[in-house]
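*Asks:* Turn this into a structure:
(2 chains)
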Amino acid sequence: MSTHLKDVSAARWRIATTLTAIMMVTYFGFILLVAFNKPLLGTILLPGLSLGIVLGAAVIVVAWLVTWYYVRWANTHYDSALERLRS
Amino acid sequence: MSEALGAPNLVAISFFVAFILLSLGITAWAARRTRTTEHFYTGGRGVTALQNGLALAGDYMSAASFLGIVGLVAVSGFDGLIYSIGFLVGWPIVMFLIAEPLRNLGRYTFADVVAARLRQTPIRIASAIGSLAVIAFYLIAQMVGAGNLIRLLFGLPYEAAVVIVGAVMLAYVLFGGMIATTWVQIIKAVLLLGGATLLALIALSRYGFNPLALFSDAAAQYGAGALAPGRLVSDPLDAISLGLALMLGTAGLPHILMRFYTVPNARTARSSVAYATAFIGFFYLLTFVLGFGAMVIVGRTAITQIDAGGNMAAPLLALAVAGRPFLGFISAVAFATILAVVAGLTLSGAATLSHDLWVNVVRGAAATEREQFIVARGATVLLAAVSIVLGIAFKGQNVAYMVGLAFAIAASANFPALVLSIFWSRLTTAGAQASMVIGTVSALVLIYLSPAIQVDILKHSAAVFPLRNPGIVTIPLSFLVAVVVSLLRPVESEERRFMELERKLHLGAE
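*Replies:* Coordinates of the predicted model:
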């Protein structure tokens, strides 16, 4: 039983840390560009649209995607594993 | 345009009165249901995922988001968006690392989780210090926003406005507790999302609903630099420091963490974070349009003339695109936003003072139900008084920047101890305590030594500490202290209890 809990726990934290890492790399990639390469972010792609605005909006979209992915994973895999542990 | 400012505005007053009556009605309804301490803090744990998602969004989207960020974008262009993005990316972190363990391990405050396998008294005292520092900075920012708003609308003195906000939020929290606060947050979140969407649409209608036409108008009027990072984050280290604080601070905000105790289980907690992330992200995308809209339609000079911090950009945009009735509506929404956030903050401060300090430390968990209830309400009155005084003292600060400081304290004081207590079996009482105390104190000291206080307020020629946000120093320091202190004096019994708690962490109290 306890080994089973260990497996569930390991899977849960593997997903959590991977997704956390994806979010952090995305966000700090953006922040490092803000810090060290301001001219690049000021590149105008279309009239009124700078690379900075596109990447900024992309960070928000990535936050949505990783959140959606986690909820989908947890609602199917994690919850059913917990259900088995309870019974 | 200026004739509408500072003069009593009938439409604005009507919206204000309507919102306040509506929420006082809810408070009265909720008061009849708030019979126990459990109800006062958690609303009986019967809140649904969508309700809690909206309430989380309501708690989170404060004056800093609506007034502060829109103002920063209007005045500084792209730089303001760094706040929009940073305020959102903390949510996935809350989801992956904090939300479900918090719901499963705790009862009223996040200190319950840190203290679950450690010694109660030192942990609760240390976490109370950090939480109260965060709440104080957060409250100051809301009070500054409210004071400016009321002055703009009614011509009331700033000080009187702060006292009014303090008194109304006191009434909410005192009589209604968590149920009333939750419903006020939900109404406010719907109003804010609706109002901001409407404002963005009206502003965009001038540009054929094409945001790019709006942005290029901004570049035409204020130079292409408006669309690129610039002055606000001129120092690279400052940009990284602010980024760290914004991302990790969310997971250390006591009033946000407390919301996870209002839902029945971990699964609902999870869904509520997903709803909150969707709503908040949508709102921050709107700030792109609102900020640049205010920049070109109202104009930078007009905005900074009214308030040097730019905090009145969104209400001024409403006035410029749709006249005084809409100014009234948007101001009422902003006021509701502030009131609701202040209520949430005060409630979590009351929980910290009475549940963590009084019940668990002073009375050694022997307090009766009735006594807890009295102490919780006494703590609420005390916090209201303190926040009114501080709000007046800190007149003239930029609200998004102030909240950025609250995030830095939260990320240094609460986040390291909380996340290590969930993930790291060897964390000891002494390690967690040292991390929370040193995180709080170092953040407060560096804020005091920063240019914002030394140069802007005290008018010294230079600051001892060069960065405007202390996160890059204090967050790693707090983690380091926790790890080093824990490893120096390991406590085997505390490590053993980590194994026992693992089942509860996943499955909850069965």
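*Asks:* thought B:His255 was touching B:Gly344?
*Replies:* Yes - B:His255 is within contact range of B:Gly344, at 4.6 Å (criterion: Cβ atoms under 8 Å). Any C-beta I mention is one placed from the backbone N, CA and C, and that applies to glycine too.
*Asks:* any idea how far A:Leu49 is from the residue sitting nearest the centre point of chain B?
*Replies:* For chain B, the residue nearest the mean C-alpha position is B:Tyr60 (5.1 Å; Cα atoms, centre = their mean). Here the criterion is Cβ to Cβ, to the nearest Å. By it, B:Tyr60 lies 28 Å from A:Leu49.
*Asks:* Tell me where chain A has helices.
*Replies:* For chain A, the helices defined by DSSP state H occupy A:2-36, A:38-41, A:51-73, A:79-86.
*Asks:* is chain B contacted by the last one?
*Replies:* Going back to what we said before, that points to helix A:79-86. Yes - counting by Cβ under 8 Å from any Cβ of the partner chain, chain B has neighbours in helix A:79-86: A:79, A:82, A:85-86.
*Asks:* Need the residues that contact that helix.
*Replies:* A:1, A:4-5, A:7-8, A:11, B:267, B:506-507, B:510 (Cβ atoms under 8 Å, 6 or more residues apart in numbering or on different chains).
*Asks:* can we see that at 7 Å?
*Replies:* If you take Cβ atoms under 7 Å, 6 or more residues apart in numbering or on different chains as the criterion, helix A:79-86 is touched by A:4-5, A:8, B:267, B:506-507.
*Asks:* which residues are in contact with both of B:His255 and B:Gly344?
*Replies:* With Cβ under 7 Å, 6+ apart, B:His255 and B:Gly344 have common neighbours B:Asp59.
*Asks:* start to end distance for stretch B:289-307?
*Replies:* From its first residue to its last, stretch B:289-307 covers 21 Å (Cα to Cα, to the nearest Å).
*Asks:* Can you give the distance of it from its chain's centre?
*Replies:* With Cα atoms, centre = their mean, to the nearest Å as the basis, stretch B:289-307 stands 24 Å off its chain's centre.
*Asks:* Count the neighbours of the residue in the stretch 351-500 of chain B positioned nearest to chain A for me.
*Replies:* At 7.6 Å from chain A, B:Phe423 is the closest residue in the stretch 351-500 of chain B, using Cβ to the nearest Cβ. As a burial measure, B:Phe423 scores 14 neighbours (other Cβ atoms under 10 Å in any protein chain shown).
*Asks:* ditto for B:Val17
*Replies:* 11.
*Asks:* Show me which residues of the stretch 251-400 of chain B sit near chain A.
*Replies:* Neighbours of chain A within the stretch 251-400 of chain B, by Cβ under 7 Å from any Cβ of the partner chain: B:267, B:270-271, B:274, B:277-278, B:281, B:284-285, B:288.
*Asks:* top of the residues you listed by neighbour count?
*Replies:* Counting by other Cβ under 10 Å, top hit in those: B:Thr277 with 27 neighbours.
*Asks:* Could you tell me the per-residue confidence at that one?
*Replies:* B:Thr277 is assigned a pLDDT of 95 by the prediction.
*Asks:* any idea how far B:Ser76 is from the nearest residue to B:Gly309 once chain neighbours are set aside?
*Replies:* Nearest non-adjacent residue to B:Gly309, counting by Cβ to Cβ, 6 or more residues apart in numbering or on different chains: B:Asn398, 3.7 Å away. According to Cβ to Cβ, B:Asn398 and B:Ser76 sit 10 Å apart.
*Asks:* same deal with B:Ala189?
*Replies:* B:Ala189 is 27 Å from B:Ser76, by Cβ to Cβ.
*Asks:* Then B:Pro229?
*Replies:* 10 Å.
*Asks:* again, but for B:Leu507
*Replies:* 48 Å.
*Asks:* neighbour-wise, which of these two wins?
*Replies:* B:Ser76 (22 against 16).
*Asks:* isn't the more buried one right up against B:Arg231?
*Replies:* Yes - under the criterion of Cβ atoms under 7 Å, B:Ser76 makes contact with B:Arg231 at 6.5 Å.
*Asks:* How about A:Phe28: what's its closest non-neighbour residue?
*Replies:* B:Gly243 (6.7 Å).
*Asks:* The one you found belongs to a helix, doesn't it?
*Replies:* Yes - assigned with DSSP: H, G, I helix; E, B strand; the rest coil, B:Gly243 falls within a helix.
*Asks:* Next, count neighbours for it.
*Replies:* With other Cβ under 10 Å as criterion, B:Gly243 counts 25.
*Asks:* Kindly report the same for A:Phe28.
*Replies:* 16.
*Asks:* Over to A:Pro39?
*Replies:* By other Cβ under 10 Å, neighbour count at A:Pro39 equals 9.
*Asks:* Now do the same contact list for the residue lying closest to it once chain neighbours are set aside.
*Replies:* Among residues not flanking A:Pro39 along the chain, B:Ala228 sits closest, at 7.4 Å (Cβ to Cβ, 6+ apart). By Cβ under 7 Å, 6+ apart, B:Ala228 lies in contact with A:38, A:41-42, A:50, A:52, B:78.
*Asks:* circling back to that earlier point, can you say which of the helices of chain A is packed in most?
*Replies:* helix A:51-73 (a mean of 18; mean count of other Cβ atoms under 10 Å in any protein chain shown).
*Asks:* thinking again about what came up before, now for the contacts of helix A:79-86: which two are most distant?
*Replies:* The span of these, defined through Cβ to Cβ, is set by A:His4 and B:Arg267 at 19.5 Å.
*Asks:* ok, for residue 73, nearest residue in space, not its chain neighbours?
*Replies:* Assuming you mean chain A. Nearest to A:Trp73 is A:Ile15, by Cβ to Cβ, 6+ apart, at 5.9 Å.
*Asks:* Oops, wrong one, chain B.
*Replies:* Ranked by Cβ to Cβ, 6+ apart and with sequence neighbours excluded, the top spatial neighbour of B:Val73 is B:Gly291, at 2.3 Å.
*Asks:* What separation do you get for the one you found and B:Ala239?
*Replies:* 18 Å.
*Asks:* picking that back up, confidence score at the residue nearest to A:Phe28?
*Replies:* 90.
*Asks:* cool, and B:Thr42?
*Replies:* 66.
*Asks:* which residues are contacting stretch B:391-402?
*Replies:* B:63-64, B:67-69, B:72, B:83, B:137, B:139-141, B:143-145, B:147, B:158-159, B:162, B:309, B:311.
*Asks:* that older thread, need the contacts of helix A:79-86 in JSON lines with distance to B:Thr250, can you?
*Replies:* Shown next, in JSON lines, are the contacts of helix A:79-86 (distance: Cβ to Cβ, whole Å):
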{"residue": "A:His4", "distance to B:Thr250": "33"}
{"residue": "A:Leu5", "distance to B:Thr250": "29"}
{"residue": "A:Val8", "distance to B:Thr250": "26"}
{"residue": "B:Arg267", "distance to B:Thr250": "21"}
{"residue": "B:His506", "distance to B:Thr250": "23"}
{"residue": "B:Leu507", "distance to B:Thr250": "26"}
